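# Provided below for reference: sequence and predicted model.
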Amino acid sequence: MIENAVEFFKNLPPKKCTECGETVSEQHECYGTKCDKCLDFK
Ligand SMILES: [Zn+2]
């Protein structure tokens, strides 16, 4: 059943930065939907 979960996440579209449109790494989702560059502009 774990394999089904992996497939589910694989099918999710990549997040994009709301500021510049760069693809945002999933590990940054706790910061919202901004990439590293835009996160520097607090
Ligand atoms: Zn950005």
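In hand now; what should we look at? All figures in this text were calculated on a predicted structure; none of them were measured in a lab. Numbers count the residues shown, from 1 in each chain.

# then the one helix or strand Ala5 maps to to CSV, C-alphas only?
Here Ala5, judged by DSSP states H and E, is contained in helix 2-10. Taking Å, rounded to 0.1, in the frame of the first residue of the first chain, the C-alpha atoms of helix 2-10 are listed here in CSV:
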residue,chain,number,x,y,z
ILE,A,2,3.0,2.3,0.5
GLU,A,3,3.7,2.1,-3.3
ASN,A,4,0.3,3.6,-3.9
ALA,A,5,1.2,6.6,-1.8
VAL,A,6,4.4,7.1,-3.7
GLU,A,7,2.5,7.0,-7.0
PHE,A,8,0.1,9.5,-5.6
PHE,A,9,2.8,12.0,-4.8
LYS,A,10,4.6,11.4,-8.1
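
# for it, give the mean pLDDT please.
Mean per-residue pLDDT for helix 2-10: 78.

# helix, strand or coil for Cys20?
Applying DSSP: H, G, I helix; E, B strand; the rest coil to Cys20 yields a three-state assignment of coil.

# which residues touch it?
If you count contacts by C-beta atoms under 8 Å, 6 or more residues apart in numbering, Cys20 has them with Cys35, Lys37, Cys38. Where you see a C-beta, it was placed from the backbone N, CA and C, and this is true even at glycine.

# out of those residues, who's near the ion?
Among the contacts of Cys20, proximity to the ion is found for Cys35, Cys38 (C-beta under 5 Å from the ion).

# from the chain's centroid, how far away is the helix holding Ala5?
16 Å (C-alpha atoms, centre = their mean, to the nearest Å).

# go on, stretch 14-24?
The answer for stretch 14-24 is 7 Å, by C-alpha atoms, centre = their mean.

# do the same with stretch 4-17
A distance of 9 Å separates the centroid of the chain from that of stretch 4-17, by C-alpha atoms, centre = their mean.

# and it, end to end?
End-to-end distance for stretch 4-17: 27 Å, by C-alpha to C-alpha, to the nearest Å.

# so which bits of that stretch are buried?
Judged by neighbour count using 16 or more other C-beta atoms under 10 Å, the buried positions of stretch 4-17 are Lys15, Cys17.
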